[in-house]
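Undergrad: Sequence and predicted model, in that order:
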Amino acid sequence: MPSHTCNYCRRAFPTTGSVRRHISHPRACHEQWEIEAQQAQPVAGTPDRELEREHINEDIDLPLGVDDIDHHDWHNVDMLGGAPDCQDHHDKEDELEEEHSSHFPCFAQEFLEKPAADVIGCEQTPFERMKSYQEATGGGSYAPFADCEEWALAQWLVKNVNQCATEEFLKLPITKNRTRPSYRSNYTFLKLVDKLPTGPEWSCRLVRVHGDLGLLDENNTMENVDGETKELEFWMRDPVACVQELMSNPAFDGSMAYAPEKMWTADWWWDMQTRLPDGATVMPVILASNKTELSCFKGDKTAWPVYLTIGNISKEICREPSRHASVLLGYLPVSKLASFEDNLVAGYRLFHYCMKSILQPLVAAGQQGVEMVCADGCICRVFLILAAFIGDHPEQCLCLVPANQQGANVQFPRRNQTQTTQTLHTQATEQYPPEFIAEGLCPVFSPFWAELPHTDIFLCITSDILHQLHQGIIKDHLKRWCSTLTETGDFDARFRTMPVFPGLRHFKKGISTVKQWTATNHKQLERVFIGTLVGTGAEPCVMQAACSLIDFVYLTQYQSHTDHTLTALQEALDDFHRLKDIFIELGCWTHFNFPKLHSLVHYADTIRTLGSLDGLNTEISERLHIDFAKKAYIATSQKDYTVQMTKWLQRQEAVAWFSSYQAWRQSRTGPLDAESSLSISRRPQSPRKTVQYLEQHHRAVCFLEALRAFVNTLPCGRQFFEPNANDRFDIFTNVVLITSPMEHMAATNANSRIRSHPQRSNGVRKPPTLARHDTILVDIDTKLQQQRGGLHSLRVAEVRAIFRLPSHLGDYPDPLVYIHWFKPIQSLNNNTKMFRVSCSTRQWLPNTEVIPIH
């Protein structure tokens, strides 16, 4: 492991990032660094980043420079503010920082109130230990497998083939005689897979429930009465071991933060750091729990998974299930509890009992801390604190709201955990406090969160975009209100006649026939909802109220927030409440006293406390159900399936871990290939088409004139050739643009596919594919766009043809598009807050141009 030394106290660390983290906390080292930073002057013409690289190559360990503080690689607000920038903690000397530079500015305030995330030692990471073990035992980098090809086959078998099919495949003559893997049967194959490192071990506990008395186990025996006793099993893992598995994974190195940075929002981590001892590392624990159906077409098999992740990992990583940043913590028991008179309350008690058992190790870990190895090999004392709980939860239980005021735009006080716990304790001792009934509490006298240190469960329960907004406010209410203003057939017809556009779903049969609404369907509906209301004759107040509510939903999905966006969020909610009575006046609805409407008033506060909500959404846990529950159940024999599911998941984790290890080894051998900004097929779909074909099928009426104007602007254009009617062109049907991240909306590149093709036949069995010519936004003034953003310098155009310039007309590497311009964006409808555009003409012909795609 490379050794790096602090120039001020001469202490050794494994990486330059560790030295930076160390220098930022001790007063003596930090003061000396500040003096040197003020005296340091960059060499003229040399970028500061290059200076930093030169210093590192000379083995002079410097802390994070002043220029680096203002330009972070992670520019968005993560879960609980986690991982906004990780270069102040980890910076391998071979790291290619400039390949992942920020696309828009970030304003971060470093935590300097007290030392945080101090390094107390160094140790090898799991990947480094695996590499050392392979070298010591004489095995190759793919041991226990023979080579890369054998490992690739094993990886494919584990992910895609069940055990019976694996046995049949390995017994095939072609496999035994030609492929000849070292494993000849499913048994020997699984023996090799089980040699791979895997996650924490599973354990099974039995819980005995007895009639109405609740829970019985070996340490707690209650009064015996007549009734049925039933044993339930629940599977669990040690949450501290699960956190250690995530914390020490080098695959997350560079995507993990250890000390808080107050960016635009996320005050929880900042406040929690001030409560803990000096040098502590806060580990925000995020839990998600929800029931899910296992059987698709028959049976009633259900599972209740509990997932765990940590707020230190960038939410862009957590939102990708393939990155394995979330782990399965346990399966809660699922039972109808028919032997209980009130099985609903019994179910609550069973849930809290099991959750309390699973999370018991977090009590000591949150009070005293645990020494853990970080992804960069540093050892820190980590305090595990429950920060967020994601799951289906009655919204009305978070605050004390009168039943007849749930539709008011008023902030009511949240419940107090200390007072609630005291009320439950008093009720348990049969003193019957009036607050128990007044606050609508359930008789669960030992909630799982009561003993967790530094935890306020009423702040941990997050706002839920999927169930509260998409499925609740928009689908169940706004869509229903607006559909009553028009006939059902007319409302569906409006969705059917919406034009096709890249990224938008075309509801060919309307929306009344959609039976199963997914999160994607909800989002697609919201994108075109306002457009379908235009021309219905609805009152202006209806349009404005619907726009305000849609704006609110979009703003809550921002991946980062500023004070400006949070102000806009609150203004959108205020506008809706000001206009919402129009739906009652028109007979669309009778009242607004439902909990999901009241939950909207808490969104701004939740974002300020825990960060942007796109990383704290039940949509993530719903996606995890596929990998950790449904696929696992399908792989079993459907009998005594839970134990089989845990074993299957353990092998999947082992394969995923080994895949990350191989990627880690390969990433250290060379740089990554640069990513292209566009993608187009190598062969044209319509090669060597004439100008007459373009004019006839693509309506490119002024194609030659526009192409001549473009060729004349090229410095490499041929002087003795110009486009004419005899030229032939290679026509493409689509091109994919890889666009840079948009501020607040995304932190990763997005792919946008532009299509342009005439109507084409699909044979006699299928109807023809209709002609499609997408509209695009063209940046006509890049400098103005960078300065002002928004729609400034953007103009709408319709793509009529995608082609390449023939070589005899000039050498141009990028594809070209022939477009018809729309008039500049000017007219804004105050009711719909949408722009109205119309086609631009020149001498009664379309205003055309040929432009390149960059």
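TA: Good, I have the coordinates.

Undergrad: mind checking which helix or strand Glu245 is in?
TA: helix 239-247 (DSSP states H and E).

Undergrad: contact partners of that helix?
TA: 199-200, 252, 256, 283, 285, 308-310, 312-313, 325, 327, 329, 358-359, 361-362, 365, 370, 372-375, 382, 384 (C-beta atoms under 8 Å, 6 or more residues apart in numbering). Every residue, glycine included, has its C-beta placed from N, CA and C.

Undergrad: Could you tell me which of those count as buried?
TA: Neighbour-count burial (16 or more other C-beta atoms under 10 Å) is assigned, among the contacts of helix 239-247, to 199-200, 252, 256, 283, 285, 308-310, 312-313, 325, 327, 329, 358-359, 361-362, 365, 370, 372-375, 382, 384.

Undergrad: three-state assignment of Asp575?
TA: Secondary structure state of Asp575, per DSSP: H, G, I helix; E, B strand; the rest coil, is helix.

Undergrad: Same question for Gly330.
TA: Strictly by three-state DSSP, Gly330 counts as strand.

Undergrad: still on that earlier bit, centre of the chain versus the helix holding Glu245, how much separation?
TA: Offset of helix 239-247 from its chain centre (C-alpha atoms, centre = their mean, to the nearest Å): 20 Å.

Undergrad: May I have that helix as PDB, with CA atoms only?
TA: Provided in PDB are the C-alpha atoms of helix 239-247 (Å, rounded to 0.1, in the frame of the first residue of the first chain):
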ATOM      1  CA  PRO A 239     -26.900  -4.300  10.400                       C
ATOM      2  CA  VAL A 240     -23.500  -3.300  11.600                       C
ATOM      3  CA  ALA A 241     -21.900  -6.000   9.400                       C
ATOM      4  CA  CYS A 242     -24.000  -4.900   6.500                       C
ATOM      5  CA  VAL A 243     -22.900  -1.300   6.900                       C
ATOM      6  CA  GLN A 244     -19.200  -2.400   7.200                       C
ATOM      7  CA  GLU A 245     -19.700  -4.300   3.900                       C
ATOM      8  CA  LEU A 246     -20.900  -1.100   2.200                       C
ATOM      9  CA  MET A 247     -18.400   1.100   3.900                       C
END
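
Undergrad: start the count at 379, not 1, going forward
TA: Fine by me, first position is 379 from now on; the one you just mentioned is helix 617-625.

Undergrad: Could you tell me which residues within that helix count as buried?
TA: Result for helix 617-625 [16+ other C-beta under 10 Å]: buried residues 617-618, 620-625.

Undergrad: that older thread, narrow the contacts of helix 617-625 to those in strands?
TA: Among the contacts of helix 617-625, the ones falling in strands (DSSP state E) are 661, 663, 686-688, 705, 707, 748, 750-751, 760, 762.

Undergrad: Switch those over to JSON lines; also include pLDDT and distance to Cys674.
TA: Formatted as JSON lines, the ones in strands among the contacts of helix 617-625 follow (pLDDT from 0 to 100; distance: C-beta to C-beta, whole Å):
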{"residue": "Met661", "pLDDT": "94", "distance to Cys674": "37"}
{"residue": "Val663", "pLDDT": "96", "distance to Cys674": "32"}
{"residue": "Leu686", "pLDDT": "96", "distance to Cys674": "27"}
{"residue": "Thr687", "pLDDT": "95", "distance to Cys674": "27"}
{"residue": "Ile688", "pLDDT": "95", "distance to Cys674": "32"}
{"residue": "Val705", "pLDDT": "96", "distance to Cys674": "25"}
{"residue": "Leu707", "pLDDT": "96", "distance to Cys674": "25"}
{"residue": "Val748", "pLDDT": "96", "distance to Cys674": "41"}
{"residue": "Met750", "pLDDT": "95", "distance to Cys674": "40"}
{"residue": "Val751", "pLDDT": "94", "distance to Cys674": "41"}
{"residue": "Val760", "pLDDT": "96", "distance to Cys674": "41"}
{"residue": "Leu762", "pLDDT": "96", "distance to Cys674": "37"}
